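1. no FASTA, just this:
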């Protein structure tokens, strides 16, 4: 991966995650990018101008009213000479100011004055991230065309755990590379669900399936290669998530649906996850013991239908909704009926009978079901299936810019 010749304007916000920006600068420069750093007053409480300048090999900009810099390079010019403006960490305060159009320091003035694409890497306490005000601001920024990478789940410096950790430097580098990469899907935002879901029976047991998540990861990588901004919502899959995607990890079907709702609007939704159809209606809060005699009685309840929900949205329905159908008999017939029943645009159907070795394997043999009918594809690797599907998605979303 190279970023040779790319110019990054890096705005460093105030938060403990600011220390990661030192490694981010190093990683970007290793790949040939130049980095012009802007350090907020709060950011300077966590990293010093000297350390940032030493790693960037450039002067650090901090003051809106530095007359020397205004003579040599005004803040308007500074905001427009980069290929990408990156805000890392993007604190709750910075996101709020961006959403409301504030311009009371150098960083916010640059962000308001720029006509360059902007990417943010949020970082904050989990309760701040989940607060309705932050989520409103996030929706506003996305609607304004700003790319968001992360945040990740995990332990925080404050001692709490959950979403709010800034993405790791290499995750941000991958996202930067994807954003700057030219391709037919550049500027398109695509949601992918992947992997199985785990529906708890008790704290140690769950209902699941054999999905590895490999096909979903392959599709995400293929779409990223065509320039798409990919939001990857994954259950507990064996396959690692793709680099360069906005990652959301979930366990259950309800959590997956909630995550999908939160990232709307998107241009397309690819529902590749093997979501469990049923869950235990009342999961036990403690481990169920077999020494009580008799078999446990598990009452099942139906899980939400994520594909149908996204396909039938009254507003914010993606322009293209693609579902998957894992069948063991009458593949094309059952998948065609499923497309009509769910209301989606396409179904990617495959035969997952045990003798095929497809479920959890490295190859796939699919039939693409559209309004025009059934289109069988030959057996090929899951990566090849993903590349072919990504090309078809590009043709559907951007007919005049389909890959050759």
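-> Thanks, I have it. The structure presented is a predicted model; accordingly, all values stated were derived computationally and were not measured.
2. Could you look up the SS state of the residue nearest to residue 383 when sequence neighbours are not counted?
-> Nearest non-adjacent residue to residue 383, counting by C-beta to C-beta, 6 or more residues apart in numbering: residue 218, 4.9 Å away. In this view, the C-beta of every residue, glycine as well, is placed from N, C-alpha and C. Secondary structure for residue 218, judged by DSSP: H, G, I helix; E, B strand; the rest coil, is helix.
3. Which pLDDT value goes with residue 343?
-> Looking at residue 343, its pLDDT reads 96.
4. Can you list phi and psi of it for me?
-> When read as degrees, to the nearest 10, the backbone of residue 343 gives phi 90, psi 20.
5. Begin at 329, not 1, for the rest of this chat.
-> In the new numbering, first residue 329, that becomes residue 671.
6. dump the residue contacts of it.
-> 636, 639, 640, 649 (C-beta atoms under 8 Å, 6 or more residues apart in numbering).
7. Residue 349 is in contact with residue 375, isn't it?
-> Yes. With contact defined as C-beta atoms under 8 Å, residue 349 counts as touching residue 375 (6.7 Å).
8. Looking at those two, which has the bigger crowd around it?
-> Per other C-beta atoms under 10 Å, whichever of residue 349 and residue 375 has more neighbours is residue 349, with 31 against 20.
9. Sticking with the more buried one, tell me its helix or strand.
-> Element membership of residue 349 [criterion: DSSP states H and E] is helix 348-358.
10. how far out from the middle of the chain is stretch 429-442?
-> 26 Å (C-alpha atoms, centre = their mean, to the nearest Å).
11. same question but for stretch 521-536, I mixed them up
-> On C-alpha atoms, centre = their mean, the centre of stretch 521-536 falls 22 Å from the chain's centre.
12. same deal with stretch 445-459?
-> With C-alpha atoms, centre = their mean, you get 14 Å for stretch 445-459.
13. Kindly report the same for stretch 594-610.
-> On C-alpha atoms, centre = their mean, the centre of stretch 594-610 falls 16 Å from that of its chain.
14. related to what we said a few turns ago, what separates the residue nearest to residue 711 from residue 502, distance-wise?
-> 16 Å (C-beta to C-beta, to the nearest Å).
15. quick one: the residue nearest to residue 711 and residue 713 touch, right?
-> Yes. In this structure, residue 546 is within contact of residue 713 by C-beta under 8 Å, at 7.1 Å.
16. on that earlier part again, tell me the one of the contacts of residue 671 nearest residue 542?
-> The shortest gap between residue 542 and any of the contacts of residue 671 belongs to residue 649, at 21.8 Å (C-beta to C-beta).
17. Only the buried residues of the helix or strand where the closest one lies, if you could.
-> Using DSSP H and E, residue 649 sits within strand 648-655. Going by neighbour count (16 or more other C-beta atoms under 10 Å), the buried part of strand 648-655 is 648, 649, 650, 651, 652, 653, 654, 655.
18. Likewise for stretch 618-625?
-> Quick answer for stretch 618-625: no buried residues (16+ other C-beta under 10 Å).
19. With stretch 497-516 instead?
-> Quick answer for stretch 497-516 (16+ other C-beta under 10 Å): 497, 499-509, 511-514, 516.
20. Can you tell me the centre-most residue of the chain?
-> Nearest residue to the geometric centre of the chain (C-alpha atoms, centre = their mean): residue 574, 2.1 Å.
21. Could you check how far it is from residue 714?
-> 18 Å.
22. ok, now residue 527?
-> 27 Å.
23. what do you get for residue 636?
-> 24 Å.
24. who has more neighbours, those two?
-> residue 714 (25 against 17).
25. got the contact list for that one?
-> 543, 546, 547, 549, 550.
26. what number of residues lie near the residue nearest to it when sequence neighbours are not counted?
-> Closest residue in space to residue 714, ignoring its immediate chain neighbours: residue 546 at 3.7 Å, by C-beta to C-beta, 6+ apart. Residue 546 is flanked by 25 other residues according to other C-beta under 10 Å.
27. before we move on, back to that, which one of the buried residues of strand 648-655 is nearest to residue 538?
-> residue 654 (9.6 Å).
28. Which pLDDT value goes with the closest residue to that closest one other than its chain neighbours?
-> Nearest residue to residue 654, sequence neighbours excluded (C-beta to C-beta, 6+ apart): residue 680, at 4.4 Å. Per-residue confidence (pLDDT) for residue 680: 71.
29. now swap in the one 3 residues further on and tell me
-> The confidence metric pLDDT takes the value 66 at residue 683.
30. How about residue 372?
-> 90.
31. what do you get for residue 687?
-> Residue 687 is given a pLDDT of 59.
32. what about the residue nearest to residue 714, distance to residue 353?
-> 32 Å.
33. what's the answer for residue 698, then?
-> Following C-beta to C-beta, the distance that separates residue 698 from residue 353 is 46 Å.
34. More neighbours: those two, which one.
-> Ranked by neighbour count (other C-beta under 10 Å), residue 698 and residue 353 place residue 353 first, with 26 against 15.
35. ok, the spatially closest residue to that one that is not a sequence neighbour - contacts?
-> Excluding the flanking residues, the one nearest residue 353 by C-beta to C-beta, 6+ apart is residue 383, at 4.5 Å. By C-beta under 8 Å, 6+ apart, the residues touching residue 383 are 350, 353, 354, 357.
36. contact partners of stretch 614-622?
-> Outside stretch 614-622, the residues that reach it (C-beta under 8 Å, 6+ apart) are 529, 530, 531, 532, 533, 624.
37. go again using 7 Å as the cut-off
-> When contacts are defined by C-beta atoms under 7 Å, 6 or more residues apart in numbering, stretch 614-622 is touched by residues 530, 531, 532, 624.
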